[in-house]
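*Asks:* Starting from these lines, generate the structure:
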Amino acid sequence: MAGNRRVHTALKWVAGALGMATGAYASYVGVTWLRYGHASPASAEDADPLLDQFMPGYEVSERHHVHIAAPTDITFAAACEQELMSLPVVRAIFKTRELVLGAEPDTAVRPRGLLAMTKSIGWGVLAEVPGREIVMGAVTQPWYANVVFRPVPPADFASFDEPDFVKIVWTLRADPIGPRDSVFRTETRVQTTDPAARAKFRWYWARFSPGIVLIRWLSLGPLRRDAERRVASR
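*Replies:* All right, here's what the predicted structure looks like:
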């Protein structure tokens, strides 16, 4: 009898926790949908003239940074070579999107490292400062289950306006703050090409941005540890 009561109590707690999580997620989706298109401008520290060349105006912007006890070249190399899919939570987020949208699993063998992997699925290099920063970009329609990323030549990216598309740019950047320290920064910007694309992406972003933002945030700790480990092993 006591065992049944404990099970019943545990089930009530689980149901309550799930209800709270569902409510919190629903609130997040609503707030994100309402705030869409009101991206905050970059601070003086985050300002990126190289990125501005390709997307000076944007509807969404996500910025993250972390201090790393490593020179810029080591921090930048570690950022380009990081293995996001080695993190269980990241794999779970991608699997969740796959299940929710009914996407086919990606069975292709991809190269190791963030930069090489993203290039293999369609992202293109828009600009680069060797050892310091790289700007990646693509056009896509992420509301489809089996998303396809299409590179656009750097000279044509800013003016690309084919209807029903989303333009996305993101950076990996290492700024020096001393001979042995740096700040890693990453920024993602999004701009749609017409009202139809904006409406579709607004709903997509409201639903899936928690996972996207979480991936960015989760990558910072492993990146810092890898870069600092590289310094220690020299």
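*Asks:* Strands along this structure, start to end?
*Replies:* 60-68, 124-129, 133-140, 166-176, 182-192 (DSSP state E).
*Asks:* Of all those, which one is nearest residue 76?
*Replies:* strand 166-176 (4.1 Å; Cβ to Cβ). To be clear about C-beta, it is placed using only N, CA and C from the backbone, and glycine gets the same treatment.
*Asks:* Can I get that closest one in PDB, CA atoms only?
*Replies:* This file holds the C-alpha atoms of strand 166-176, laid out as PDB (Å, rounded to 0.1, in the frame of the first residue of the first chain):
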ATOM      1  CA  VAL A 166      15.800  32.900 -45.500                       C
ATOM      2  CA  LYS A 167      19.300  34.300 -45.600                       C
ATOM      3  CA  ILE A 168      21.500  33.200 -42.700                       C
ATOM      4  CA  VAL A 169      25.000  34.300 -41.800                       C
ATOM      5  CA  TRP A 170      27.100  33.300 -38.800                       C
ATOM      6  CA  THR A 171      30.600  33.900 -37.500                       C
ATOM      7  CA  LEU A 172      33.400  32.300 -35.600                       C
ATOM      8  CA  ARG A 173      35.700  35.000 -34.200                       C
ATOM      9  CA  ALA A 174      38.500  35.300 -31.800                       C
ATOM     10  CA  ASP A 175      39.500  38.700 -30.400                       C
ATOM     11  CA  PRO A 176      42.800  39.300 -28.500                       C
END
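*Asks:* what's the average pLDDT for that strand?
*Replies:* Taken as a whole, strand 166-176 has a mean pLDDT of 98.
*Asks:* got it, and stretch 31-40?
*Replies:* Mean pLDDT, computed over stretch 31-40, is 84.
*Asks:* Pull out the buried residues from it.
*Replies:* Residues 32, 36, 39 are the ones in stretch 31-40 that count as buried (16 or more other Cβ atoms under 10 Å).
*Asks:* swap in stretch 146-160?
*Replies:* By 16+ other Cβ under 10 Å, the buried positions in stretch 146-160 come out as 149, 151-152, 157-158, 160.
*Asks:* among those residues, which two are most distant?
*Replies:* Maximum pairwise distance among the buried residues of stretch 146-160 (Cβ to Cβ): 17.7 Å, between 149 and 158.
*Asks:* still on that earlier bit, save the strands of the chain as CSV, and put in distance to residue 209 and mean neighbour count too.
*Replies:* What follows is the strands of the chain, written out as CSV (distance: least, Cβ to Cβ, whole Å; neighbours: other Cβ atoms under 10 Å):
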stretch, distance to residue 209, mean neighbour count
strand 60-68, 8, 18
strand 124-129, 23, 16
strand 133-140, 15, 22
strand 166-176, 13, 22
strand 182-192, 10, 21
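*Asks:* With residue 110 as the reference, name the closest of the ones you listed.
*Replies:* Of the strands of the chain, the one closest to residue 110 (Cβ to Cβ) turns out to be strand 133-140, at 15.5 Å.
*Asks:* Who are the contact partners of residue 165?
*Replies:* Shown in contact with residue 165 (Cβ atoms under 8 Å, 6 or more residues apart in numbering): 139-141, 192-193, 197.
*Asks:* so what does the longest helix seen in the chain touch, helix or strand wise?
*Replies:* In the chain, assigned by DSSP state H, the helix with the most residues is helix 195-232. Packing partners of helix 195-232 (3 or more Cβ pairs under 8 Å, 6 or more residues apart in numbering; DSSP states H and E): helix 2-35, strand 60-68, helix 72-81, helix 88-101, strand 182-192.
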